[in-house]
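Q: return atomic coordinates for the entry below.
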Amino acid sequence: MNCPACKNELAPTTVGGVTVDVCQNGCGGIWFDNLELRKVAALGAAKSEGLLAIERDATVGVSFTEKRRCPALR
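A: Below you'll find the predicted structure:
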């Protein structure tokens, strides 16, 4: 599955038992499926801290105003 913002490959990453898709070495974005954001938020800061360490490519630019489609539907 590709990142809807920069088209980089999304990598499954597990934090506190919840698996989310992250744009590692791309724009650094995180894709949360239905209810995943709520689950990660319920973990608290200490257990979800791993999401702060996503490697980002500073040369990748993305539009912050563009609407995005779900990457699973492509």
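
Q: can I get the one helix or strand in the chain whose mean pLDDT sits lowest in PDB? Just the C-alpha atoms.
A: Least confident element among the helices and strands of the chain, by mean pLDDT, DSSP states H and E: helix 45-48 (a mean of 82). Only the C-alpha atoms of helix 45-48 are listed here, as PDB (Å, rounded to 0.1, in the frame of the first residue of the first chain):
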ATOM      1  CA  ALA A  45       2.300   8.700  25.600                       C
ATOM      2  CA  ALA A  46       4.800   6.200  26.900                       C
ATOM      3  CA  LYS A  47       3.500   3.300  24.900                       C
ATOM      4  CA  SER A  48       2.900   5.200  21.600                       C
END
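
Q: for Gly26, give me its contacts.
A: For Gly26, the contact set (C-beta atoms under 8 Å, 6 or more residues apart in numbering) comprises Cys3, Ala5, Cys6, Lys7, Asn8, Glu9, Arg56, Asp57, Val60. Where you see a C-beta, it was placed from the backbone N, CA and C, and this is true even at glycine.

Q: show the pLDDT at the spatially closest residue to the fifth one that is not a sequence neighbour.
A: Read that as Asn8. The spatially closest residue to Asn8, leaving aside those adjacent along the chain, is Gly26, at 2.9 Å (C-beta to C-beta, 6 or more residues apart in numbering). Here the pLDDT value assigned to Gly26 is 95.
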